[in-house]
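> A predicted structure for the sequence below; I have some questions about it.
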Amino acid sequence: AQSVTQLGSHVSVSEGALVLLRCNYSSSVPPYLFWYVQYPNQGLQLLLKYTSAATLVKGINGFEAEFKKSETSFHLTKPSAHMSDAAEYFCAVTLGQGGKLIFGQGTELSVKP
Amino acid sequence: DAGVTQSPTHLIKTRGQQVTLRCSPKSGHDTVSWYQQALGQGPQFIFQYYEEEERQRGNFPDRFSGHQFPNYSSELNVNALLLGDSALYLCASSPWELGADTQYFGPGTRLTVL
């Protein structure tokens, strides 16, 4: 069965610091992996996705993630945090076309001035 | 181009009542999926509709049912509401042939059960 584990329910960084949000997945077959962002009282916005092409995926707002099969990880990074990055971030996995998305529990990112 | 829209935005019901939530997919999308997001949790898949049929279902009881109309819009119905049904209900749409990796989410309907 597929599953996603996000390490750390809350991460706090200073503005300008590196952002690292951790995601590990479990899947019996090559997965599709996603990162979504959710701002308060809003729906989910896709940041980036891995669909078996390049292992380093670049997304919107300066975020990127690297698929590491040996570590079953898909961590999200951003070199320099901005106040507007404060939000809830969700990692998700699916088996591909037509598949349902399975989400992690989420990581709340706080950015201190 | 309008994205995924959902109505109503907020809803308050009492235990035992029934509720209907509505979703209009993004233009050009024919597949609609519904998710339940409890407070402080990640979204959980309820079911998916394509060609007016339920194609996949998550681990939700039969109290949760849905429908898709010929114009691809969809409804989520929940009967005999429980306090635990309080959550944000998210609708996502995608083109069937491109799969879940192209899902767009709506803003959600916040359901409160008292």
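That came through fine.

> check contacts around residue B:112.
For residue B:112, the contacting residues are B:10-13, B:86, by Cβ atoms under 8 Å, 6 or more residues apart in numbering or on different chains. C-beta: built from backbone N, CA, C; applies to glycine.

> So it: helix, strand or coil?
Here residue B:112 is recorded as strand under DSSP: H, G, I helix; E, B strand; the rest coil.

> now do residue A:111
strand.

> Could you pull up phi and psi at the spatially most central residue of chain A?
Centroid-nearest residue in chain A: residue A:35, 3.4 Å away (criterion: Cα atoms, centre = their mean). Reported as degrees, to the nearest 10, the phi and psi values for residue A:35 are phi -120, psi 130.

> that older thread, select only the buried ones of the contacts of residue B:112 in ChimeraX?
Buried members of the contacts of residue B:112, defined by 16 or more other Cβ atoms under 10 Å in any protein chain shown, are picked up in ChimeraX with:
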select /B:13,86
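
> thinking again about what came up before, roughly how far does the nearest residue to the residue nearest to the centre of chain A once chain neighbours are set aside sit from chain B?
The shortest distance from residue A:35 to any non-neighbouring residue, by Cβ to Cβ, 6 or more residues apart in numbering or on different chains, is to residue A:47 (4.4 Å). Counting by Cβ to the nearest Cβ, to the nearest Å, the gap from residue A:47 to chain B is 12 Å.

> gap between residue A:47 and residue B:71?
As judged by Cβ to Cβ, to the nearest Å, residue A:47 and residue B:71 stand 30 Å apart.

> These two: who's more crowded?
Counted by other Cβ atoms under 10 Å in any protein chain shown, residue A:47 and residue B:71 do not tie: residue A:47 has more neighbours, with 24 against 9.

> Which helix or strand contains the more buried one?
strand A:44-50 (DSSP states H and E).

> Show the contacting residues for the residue nearest to residue A:35.
A:34-37, A:59-61, A:63, A:76, A:89 are the contacts of residue A:47 under Cβ under 8 Å, 6+ apart.

> Neighbour-wise, which one of the residues you listed leads?
residue A:34 (28 neighbours).

> Would you list the phi and psi of it?
Dihedral pair for residue A:34: phi -140, psi 150, per degrees, to the nearest 10.

> With secondary structure, pLDDT and distance to residue B:61 as extra columns, can I get the contacts of residue A:47 in a markdown table?
What follows is the contacts of residue A:47, written out as a markdown table (DSSP: H, G, I helix; E, B strand; the rest coil; pLDDT from 0 to 100; distance: Cβ to Cβ, whole Å):
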| residue | secondary structure | pLDDT | distance to residue B:61 |
| --- | --- | --- | --- |
| A:34 | strand | 93 | 27 |
| A:35 | strand | 96 | 30 |
| A:36 | strand | 96 | 26 |
| A:37 | strand | 96 | 31 |
| A:59 | coil | 94 | 36 |
| A:60 | helix | 93 | 37 |
| A:61 | helix | 93 | 38 |
| A:63 | coil | 97 | 37 |
| A:76 | strand | 98 | 34 |
| A:89 | strand | 98 | 30 |
